[in-house]
Structures are given as structure tokens and as C-alpha cells.
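**Q** Sequence first, then the predicted structure:
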Amino acid sequence: MSCNNCSSTIDKAPKGCKSNGNCNTGSCEKLSVFDWLANMPLATGQKPMNIFEVRFKNGRKHFFKNVDDLKISMGDIIAVEGNPGHDIGVVSLAGELVKIQLKKKGIELDSDAIKKIYRIATQKDIDIWTAAREKEYNTQYRGREIISRLGLKMKLSDVEYQGDGNKATFYYTAEERVDFRQLIRDFASTFSIRIEMKQVGLRQEAARLGGIGSCGRELCCSTWLTDLRKVNTAAARYQQLSLNPQKLAGQCGKLKCCLNYELDTYLDALKDFPKTDIELKTEKGIAVFIKMDIFKNLLWYTYKNERSKWYKLTLDQVKEIIALNKDNKTASSLEDFENELIVEKVNIFENVVGQDSLTRFDTPKRKKRRNKKHRNNHQIVAKNTAQKGNNSNANKHSKRKPFRRKPNNEKNS
């Protein structure tokens, strides 16, 4: 799988495996292939395969022919033929598996599209290649400024320099046709290099940039998916999904490719279900379809004239009603069919030995209970003591002599 961290940093700090895209382990590029035929000897008189698969930036791969019979193995950094000049890449696959990859992509062994390998990259070639890659982010930033100044309706998604640093490919996305003749002149005068503009789709852009999907894993298009098929809303309808664009859309802004993964299974399951536009004729009236549960073989219908209540029916019951309607017979009301529906309760967990409590081995918290009991007793004792104190004070007051006001003549004497 691809980690998508080797060449996507802004400050050029190595991330991921700390190799910054120069690792030779074969496990940091998109669609890495394990050469399971590497240790198998060739047949007598058979020459080894002289075509190699070479990987470039963001998982871009091409095939090149070893014309000079150089000793090349997987993981080597080599200089290959460019257009014009030369490019630098890493050998990602060698041996007999290259024939399978060529057949898969429909490329003949003697095709002119297979260019040749010049040499194994020297230290000078690697230094020039590294210096060219370091300029990619600054070039992309200045290129977006030029596009904004010209007012073109396009988005510059990525820039890739050739290994010799004499050519740069600008990847862009646009909804309409863009006249970028003036843009190419400004790019050539600003960067003093050969310019190539390449338009990619939104899905290809997401595959090149990478990211994390809503499932928590890396994007399928940036790791293993190469066949980017068309996805429409019918796939969501067949799977009974809500047509919410925010949930169904991926990072590319289009519908998620994973909507097609289980579509065939849903289509096979829906073959047994009747069409949703079929109406059921009952004694109480005509019933129309509302929704269905494919996994439980349940369908919900309601009356045309009374839509306040939905009636749950099984697939066999609906087929029975449709068969009666085909014979020009009217079925009984949906209430009768719903009453016949018996839902069996499934015990997910059976208590066999009576040990269903997860806290059965925990020590009981008796200390808190003791404290609570002691607190209650203390409150009762304090209450009784207070009552006794009040009674004693009352008795003391009762034993006292009543206060009597003296007359005025006694005060004067």
C-alpha cells in the first residue's frame, strides 16, 4: 500500500518511512507487486526478460527496455529515455511478471511505446533529480498565482519535474475547455523550462494526492484501484441508501467508488423481490410500496387513501397477494396479513450456567453501605439527643417560678 507521505509535505520534511520517496523497499508505492517468480529458474535456453517496470512520482509507472543488457534489479534508480532528455525513476518490477502487466495493459512486447533504459543513475543524476523535486512546491504555488491573475477557470493540482530538470508537467482539472496558450508563455518565461499541460479528472486528482476516506482507511484510488468506473445514484437506490450528497460523495466530489463494490450482491438479492411500482389490491383498498429490508425479506405497504400507518409484510405474503391479483382476485386487508406475521425472538446470548453478569467477580462495595448505615444511625442518635435536650430544657423552664410584676408601692419601699 502507498503511504502517500513521501512527496506530499509542504516544508519538505520527510514523513512516513523517513525516506522522502527514495525508499527501495518496494512497499511505499502505489500498486506494489510481489515478484513471486523471482526465485524460480528459467527454462533451458530462455533468456531473461529485458523489459522493466519503472515507477515515478505519485505511483506513475511505465515500461522500459534494457537494450544494453545492464545488470538491473528491483529497487535500482535508473535513468530512462524522456521526451526530451532523460528521466529518473525506480525499478518497481522485473522478470516474468512484467509480461503479465504488459498483457493486462494491452501493450505489445515490440511496441514503440516502450522506451529504452540509458544507464543506472549516477550520484550526479540523483542530485539533479532531487534538486528538481525540491522546486515542485514553489513552482506549483507560483503557477496558481499566474492562473489566478489570468482569470482562468482551472485548478492546478500538481507539478512533476522530469529527472533532468528541463521539463515540468502541470496537472490541472477544469470543467470546461481552457485556452491556456498565454498561460504556457507565462510559465515558460517565469520558470525557463519546457512546459507540458495535462488535464486529469477529479478522481485521478484524488488518486494522485491521496487521503483518508470516511471508512478510516486510505483512498482506494490511491492504493489499489485502477479501474475508475462510473458511479451513479442508481447504485445507492438499489442498496436502500439515503440520497445525501454529503455522505455519498468522496474527496473528489464525485460519488464514492465503493458504492459499486456490493452492487452486484444487492442486484442478485433484489431478483426475488417484486417491482416497487406494483400495487396490491385488497378488500380495504389499493396498497402501494413504501420501503423494504433486503436482509430480513420484509416490505412495508400503505393504503393509497390512508397513509397514516405502514403495514409490515413478508416477501412470501406479498408474492401471495400479487398472485391473487393476477387471477383477478382481491386479497384480504393488510391488517390480516400483518397479524399473521410472527416475529421470532432471537436470543443473542443464552444464560446456560447463570454467569451472565460481567461484574460477578468484583468485590461488593460494602464499605459505602456501612458508611451509609453508620451515617443513618448517627443521624438518628443526634436527632434523639436533640429531642432529649429540648425536653430537659422544657422541664427546667417549667420548674422556674413565674415572673410576677411588683406593684408600685413595693418598688418605692
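**A** Sure thing, it's come through.
**Q** tell me the strands in this structure, going along the chain?
**A** 51-55, 61-65, 77-81, 86-93, 115-120, 155-161, 167-173, 194-199, 280-281, 286-293, 298-303, 311-314 (DSSP state E).
**Q** which residues touch the residue positioned nearest the centre of the chain?
**A** What sits nearest the mean C-alpha location of the chain, by CA atoms, centre = their mean, is Gly213, with 2.5 Å. The contact partners of Gly213, by CB atoms under 8 Å, 6 or more residues apart in numbering, come to Leu219, Cys220, Gly250, Gln251, Lys256. For the C-beta atoms, the positions are set from N, CA and C on the backbone; glycine is no exception.
**Q** and the last one, how many neighbours does it have?
**A** Which is Lys256. By the measure other CB atoms under 10 Å, the count of residues near Lys256 is 21.
**Q** can you check the third one too?
**A** A count of nearby residues for Gly250, using other CB under 10 Å, gives 21.
**Q** What of the second one?
**A** Neighbouring residues of Cys220 were enumerated by other CB under 10 Å; the total is 19.
**Q** returning to that earlier point: in the contacts of Gly213, find the pair that's most separated.
**A** Farthest pair in the contacts of Gly213 (CB to CB) is Cys220 and Gln251. Separation: 11.1 Å.
**Q** shaky segments in this structure?
**A** Where the chain drops to pLDDT under 70, the residues are 1-32, 341-361, 363-413.
**Q** domains of it?
**A** 1-122, 135-206, 229-271, 280-340 (automatic domain parsing).
**Q** what would those look like in a markdown table with distance to Trp129?
**A** A markdown table is the format used below for those (distance: least, CB to CB, whole Å):
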| stretch | distance to Trp129 |
| --- | --- |
| domain 1-122 | 4 |
| domain 135-206 | 5 |
| domain 229-271 | 30 |
| domain 280-340 | 54 |
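**Q** Which one, of those, ends up nearest to Ile128?
**A** Closest among these, using CB to CB: domain 135-206, at 5.6 Å.
**Q** Using CSV, lay out the strands of the chain together with mean neighbour count.
**A** Listed next are these as CSV, based on neighbours: other CB atoms under 10 Å:
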stretch, mean neighbour count
strand 51-55, 22
strand 61-65, 19
strand 77-81, 20
strand 86-93, 23
strand 115-120, 16
strand 155-161, 20
strand 167-173, 20
strand 194-199, 15
strand 280-281, 20
strand 286-293, 16
strand 298-303, 19
strand 311-314, 20
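**Q** Specify the stretch among the ones you listed that is closest to Lys99.
**A** Of these, the one closest to Lys99 (CB to CB) turns out to be strand 51-55, at 8.1 Å.
**Q** So which bits of stretch 140-152 are buried?
**A** Gln140, Gly143, Arg144, Ile146, Ile147, Leu152 (16 or more other CB atoms under 10 Å).
**Q** which residues touch it?
**A** Contacts of stretch 140-152 (CB under 8 Å, 6+ apart): 154, 156, 158-159, 170, 178, 180, 182-183, 186-187, 190-191.
**Q** do stretch 287-295 as well
**A** 240, 266, 269-270, 273, 276-280, 298-304, 310-311, 334.
**Q** Now do stretch 64-77: distance from first to last residue.
**A** 13 Å (CA to CA, to the nearest Å).
**Q** Tell me which residues of it come out buried.
**A** Phe64, Lys65, Asn66, Ile72, Met74, Asp76, Ile77.
**Q** Now do it: distance to the chain's middle.
**A** Its chain's C-alpha centre and that of stretch 64-77 lie 37 Å apart, by CA atoms, centre = their mean, to the nearest Å.
**Q** can you check stretch 226-244 too?
**A** On CA atoms, centre = their mean, the centre of stretch 226-244 falls 15 Å from the chain's centre.
**Q** shift numbering so it begins at 3
**A** I'll keep to 3 as the first residue from here, and by that count the last item is stretch 228-246.
**Q** Quick one: end-to-end length of it, please.
**A** 26 Å.
**Q** Same check on stretch 273-280?
**A** Per CA to CA, stretch 273-280 runs 15 Å from first to last residue.
**Q** One more: stretch 301-311?
**A** 14 Å.
**Q** Same question for stretch 292-305.
**A** 10 Å.
**Q** picking that back up, closest to Asn246 out of the contacts of stretch 142-154?
**A** Distances from Asn246 to these, taken by CB to CB, are shortest for Met156, at 29.2 Å.
**Q** Give the burial count for that closest one, as a bare number.
**A** When neighbours are counted by other CB under 10 Å, Met156 registers 20.
**Q** ditto for the one 10 residues further on
**A** The local packing count at Asp166 equals 17, with neighbours defined by other CB under 10 Å.
**Q** Leaving out the residues flanking it, which one is nearest to it?
**A** Gly87 (4.4 Å; CB to CB, 6 or more residues apart in numbering).
**Q** In contact with that neighbour, which residues?
**A** So Gly87 contacts Gln164, Gly165, Asp166, Asn168, Lys169 (CB under 8 Å, 6+ apart).
**Q** Turn those residues into CSV, columns for distance to Lys49.
**A** Listed next are the contacts of Gly87 as CSV, based on distance: CB to CB, whole Å:
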residue, distance to Lys49
Gln164, 31
Gly165, 29
Asp166, 31
Asn168, 35
Lys169, 34
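**Q** quick revisit: would you list the contacts of Gly215 in JSON lines and tack on distance to Ala40?
**A** Output for the contacts of Gly215, formatted as JSON lines (distance: CB to CB, whole Å):
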{"residue": "Leu221", "distance to Ala40": "30"}
{"residue": "Cys222", "distance to Ala40": "28"}
{"residue": "Gly252", "distance to Ala40": "36"}
{"residue": "Gln253", "distance to Ala40": "36"}
{"residue": "Lys258", "distance to Ala40": "36"}
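**Q** Just name the closest of these to Gln103, please.
**A** For these, the minimum distance to Gln103 (CB to CB) is 19.7 Å, reached by Cys222.
**Q** For that closest one, which non-adjacent residue is closest in space?
**A** Cys259 is the one closest to Cys222 (CB to CB, 6+ apart), at 5.8 Å.
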